[in-house]
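Asks: dropping a prediction and its sequence here:
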Amino acid sequence: KMKISVFAVAAMTLQLTSGQRDEPRRVRGAVQRRLEGHAAGNHIMLEEEKEAKFEKSAKETVDFLPVYKAMEAFRSKAAGDATKSSSSTSSMPEKSTGSKPMGPDRNAATSALVDATTTPTTDVRLSNADKRSESERAKKRSEKKARKEARKEAREQATPTEEKAISGPISGPYKYESSKWEARKIKGRVSLDVDAFDEAVVAWSKNLCDLGITATLFDNNSEMVYQKSVGTMYTPFVEGGYSLTSGFGPLEEGWTGDTVFTPYSNTKGVAAATFLASVVDARLGYLDEPIHTTFIDLKDSQVGQMTSRQILSHTSGLKTFNREDPENDRYYSCKYDESKTLRECLEMFVLTDDNLNNPPGTMTGYNNEAFDILAEVAVQKTGMDNFGEIFQKYIAGPLGMDSTTYDCPIVKSTQEKPGVAWGLCSTGNDFPKFVQMLSKDGMSPSGERVLTKNAVYQMFSHGGGSALNTGDLLWGGHLPFYATRCYPRLVKGALKNMVPELGDLALPLTSVAGYGLGTMFLLGNFGEIFGHGGSTGGVWLVAPGRFAIYLTWMASSSIAPEVAGGTYTLIADILNAFENASTFTVENSLGVEDGSEQIEICGGQDMYVDLFSQLGISSFEPLTPTLKCPGDEQRLSATEVHPLSAAFDVTGFPFHLL
């Protein structure tokens, strides 16, 4: 928009009428240059960009063209007056003194200028230095209005409702990654086949010689829809015994949902939740805070730069210790010495630079002992007496987990010196309360918030940063933990060190596809699953927006290796049968409903590998070693040995690593 102040032009007018003969030419030139400068700038602006701005301001300000007209009127008036003056002076004597130079009629010129500049106008502009006629402008506005109305009519014909639907298919990852459905405005529709789940649980127990199992199922709304104990056999505690070495007796009957068992590494998720609730959610510390803020003497050491996130995601870089041989292991012999505190043992044997395999945060390595560091950090942050009390206050109490405790003699875990990563005792009916809380984004069944949504998100998010050996390399590729149908990849010769004759067979490294905070990432048939397993049994599984499961049993691999060896592999059959019988569909929650889409097996083509399809099987049952269960001779005689069964004979499975 080009504007010239009325006052500025009036001032120029006064100068022109001052009687100085050479002033009109100089001032007119200055004004003309200013006008031409504005016009030149005007050419740069696109007419379409100017239009809206021009129409608004034309009614409120003095535009360029009125000023231009005013100057033309001024020139004409001045020229006319000058001519008259010239004629008059030729016949009249010139005044000798005290007179002002003769010039145009100042009042008449100023009046003409003001009249022109204050003439109302609403649509005035230049295009390419020429004035656009009123008819051209009217035609332009008419065409623009017609285009706008045509677009509006097209939208109304395309969508009879208020919003336009997003049509077209939803990508495989968007459908499969159910934890992100809400953020991506995707609506899941779930129909669970509880009968199929029950049948699969019963079959699991039967295939493992009536091994007792307590199964709990929560629906997509985190409501319990199934809890049942099947089978009766289990390996009971031996009084005075310890862990897998001497803590369990031979299989016997008596398993129920209230039987006390050892969850072992199921505990890691509980430990993460306890730390998050008491320290992070309470704003007493944060996940990326280096531990030297608690262990002050470690400020200048490499180990002191380690963070809680790195500990919970197995990227601490620390060496491991042998919990199964406490008499000869320096850390555990110290920890179980009643005269030593947990902090003393940590500072002497764990928190030293010599105990680092790698700098913190650079390499993934499964580590139980590192979790003990969090107990001391939480105690110092909260001011409470011990980690066991912290767990009771922040997790067990709000959830009513009355049968779950860090006081677990069979693994020498106490409130004061807990096995933070593996030292809980619980029951099949009690532990599911924790799983339900996670599936409800941190809320208890009574509506009390136990964890913030962000804390649950952190547990279910990749925790290892840029550390190497992540995903299915968690155990370096040496733990064939098969509990699912879908896998991130198959590796030729994956089991050559365990089964040399199968060295050319392409198999998964493990079911674990990633790790968060105390949480494994698993691949379900129709969506991601978060959870964790344990040495003697028990696995918790949360499939966000779809379902949650807790399966509990107790079978020591040192006492009943044949039975224990098939437990996790056959869990894949429970999941496979249950998911295949259920229905999982998704649709966009933006705009109008555009129809539901099925989630494809393993996320669809080229997303994850369907091991069953690769091996030409429909379940793991034919591949697992056939057990000689009492009274089951008929089934044994009718069973044919599958050619690949040797690959799944995990009698020597290193369960102590879990």
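Replies: Cool, the structure landed.

Asks: give me the pLDDT for residue 58.
Replies: pLDDT, residue 58: 46.

Asks: sorry, wrong one. I was asking about residue 503.
Replies: On the pLDDT scale, residue 503 is placed at 74.

Asks: that one contacts residue 493, doesn't it?
Replies: Yes - the pair residue 503 / residue 493 is scored as a contact, 4.8 Å apart, by Cβ atoms under 8 Å. Glycine gets a C-beta too; all of them are placed from N, C-alpha and C.

Asks: tell me the buried residues in stretch 245-257?
Replies: The neighbour-count check on stretch 245-257 (16 or more other Cβ atoms under 10 Å) flags 247, 248, 251, 255, 257 as buried.

Asks: please export the C-alpha coordinates of it as PDB.
Replies: Taking C-alpha atoms only, stretch 245-257 is exported to PDB below (Å, rounded to 0.1, in the frame of the first residue of the first chain):
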ATOM      1  CA  THR A 245      20.700 -74.800  43.500                       C
ATOM      2  CA  SER A 246      18.800 -76.400  46.400                       C
ATOM      3  CA  GLY A 247      15.600 -74.400  46.800                       C
ATOM      4  CA  PHE A 248      13.100 -76.700  45.100                       C
ATOM      5  CA  GLY A 249      12.000 -80.300  45.500                       C
ATOM      6  CA  PRO A 250      10.600 -82.900  43.000                       C
ATOM      7  CA  LEU A 251       7.300 -82.400  41.300                       C
ATOM      8  CA  GLU A 252       4.300 -83.000  43.400                       C
ATOM      9  CA  GLU A 253       0.600 -82.200  43.500                       C
ATOM     10  CA  GLY A 254      -0.900 -79.200  45.200                       C
ATOM     11  CA  TRP A 255      -0.600 -76.100  43.000                       C
ATOM     12  CA  THR A 256      -3.300 -73.500  43.400                       C
ATOM     13  CA  GLY A 257      -3.600 -69.800  42.600                       C
END
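
Asks: make residue 1 into 45 and carry on from there
Replies: Let's use 45 as the start, then, which means that last one is stretch 289-301.

Asks: what mean pLDDT does it have?
Replies: 96.

Asks: same check, this time on stretch 585-592
Replies: Rounded mean pLDDT across stretch 585-592 is 98.

Asks: span of that stretch from start to end?
Replies: 6 Å (Cα to Cα, to the nearest Å).

Asks: same question for stretch 283-297.
Replies: Length of stretch 283-297, first residue to last, Cα to Cα: 17 Å.

Asks: off-centre distance for it?
Replies: On the basis of Cα atoms, centre = their mean, to the nearest Å, stretch 283-297 is displaced by 42 Å from the centre of the chain it belongs to.

Asks: next up, the contacts around residue 565.
Replies: Residues in contact with residue 565 (Cβ atoms under 8 Å, 6 or more residues apart in numbering) are 506, 556, 557, 558, 559, 572, 573, 574.

Asks: would you mind writing the ChimeraX command to select the buried ones in the residues you listed?
Replies: Buried members of those, defined by 16+ other Cβ under 10 Å, are picked up in ChimeraX with:
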select :556,557,558,559,572,573,574
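
Asks: and the furthest pair within the contacts of residue 565?
Replies: The most widely separated members of these are 506 and 573, with 15.0 Å between them, by Cβ to Cβ.

Asks: just the buried residues of the helix or strand in which residue 241 is found, please?
Replies: Assessed by DSSP states H and E, residue 241 sits inside helix 238-251. Across helix 238-251, burial judged by 16+ other Cβ under 10 Å covers 240, 241, 242, 244, 245, 246, 247, 248, 249, 251.

Asks: for stretch 553-572, same thing?
Replies: For stretch 553-572, a neighbour-count test (16+ other Cβ under 10 Å) marks 553-572 as buried.

Asks: return the subset of those residues lying in helices.
Replies: Applying DSSP state H to the buried residues of stretch 553-572, no entry is found in helices.

Asks: got the phi/psi numbers for residue 583?
Replies: With angles defined as degrees, to the nearest 10, residue 583 sits at phi -150, psi 130.

Asks: give me the number of residues near it?
Replies: By other Cβ atoms under 10 Å, 26 other residues sit near residue 583.

Asks: can you check residue 585 too?
Replies: By other Cβ under 10 Å, the residues close to residue 585 number 25.

Asks: next one: residue 624
Replies: Neighbours of residue 624 under the rule other Cβ under 10 Å: 16.

Asks: which SSE is it in?
Replies: Counting by DSSP H and E, residue 624 is part of helix 605-625.

Asks: and that helix, what does it pack against?
Replies: Applying 3 or more Cβ pairs under 8 Å, 6 or more residues apart in numbering; DSSP states H and E, one finds that helix 605-625 contacts helix 238-251, strand 583-587.

Asks: tell me what angle the next helix-or-strand element following the longest one forms with strand 583-587.
Replies: Heading C-terminal from helix 238-251, the first helix or strand you meet, by DSSP H and E, is strand 257-262. Between the axes of strand 257-262 and strand 583-587, defined by axes from the mean of the first three to the mean of the last three Cα atoms, to 10 degrees, the angle is 20 degrees.

Asks: gap between the following helix or strand past strand 257-262 and the chain center?
Replies: Once the chain leaves strand 257-262, the next helix or strand it forms, by DSSP H and E, is strand 268-274. Centre-to-centre, strand 268-274 and its host chain are 31 Å apart (Cα atoms, centre = their mean).

Asks: may I see the buried residues of strand 268-274?
Replies: Within strand 268-274, the residues that qualify as buried by neighbour count (16+ other Cβ under 10 Å) are 270, 273, 274.

Asks: can you check what angle separates it from strand 257-262?
Replies: Angle of strand 268-274 versus strand 257-262, following the same axes, to 10 degrees, is 180 degrees.

Asks: from the buried residues of helix 238-251, which single one is nearest residue 665?
Replies: Of these, the one sitting nearest to residue 665 (Cβ to Cβ) turns out to be residue 251, at 6.3 Å.

Asks: verify the contact between that closest one and residue 667 for me.
Replies: No - using Cβ under 8 Å, residue 251 is not in contact with residue 667, being 11.7 Å away.

Asks: poorly predicted segments of the stretch 595-702 of the chain, please.
Replies: Applying pLDDT under 70 to the stretch 595-702 of the chain picks out residues 635-638, 674-688, 690-702.

Asks: and the helices in it?
Replies: With DSSP state H, counting those that start in this stretch as the criterion, the stretch 595-702 of the chain has helices at 605-625, 655-659, 677-681.

Asks: any chance of these in CSV, plus distance to residue 453?
Replies: Formatted as CSV, those follow (distance: least, Cβ to Cβ, whole Å):
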stretch, distance to residue 453
helix 605-625, 22
helix 655-659, 40
helix 677-681, 39
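
Asks: okay, those helices, which one's buried deepest?
Replies: Highest mean neighbour count among the helices of the stretch 595-702 of the chain (mean count of other Cβ atoms under 10 Å): helix 605-625, with a mean of 22.

Asks: distance from that one to the middle of the chain?
Replies: Centroid displacement of helix 605-625 relative to its chain, using Cα atoms, centre = their mean, is 29 Å.

Asks: relative to helix 238-251, how tilted is that helix?
Replies: Counting by the same axes, to 10 degrees, helix 605-625 lies at 160 degrees to helix 238-251.

Asks: so which of the buried residues of helix 238-251 is the closest to residue 186?
Replies: Out of the buried residues of helix 238-251, the member with the shortest distance to residue 186 (by Cβ to Cβ) is residue 240, at 67.2 Å.

Asks: tell me the contacts of that closest one?
Replies: By Cβ under 8 Å, 6+ apart, residue 240 lies in contact with 621, 622, 624, 625, 626.
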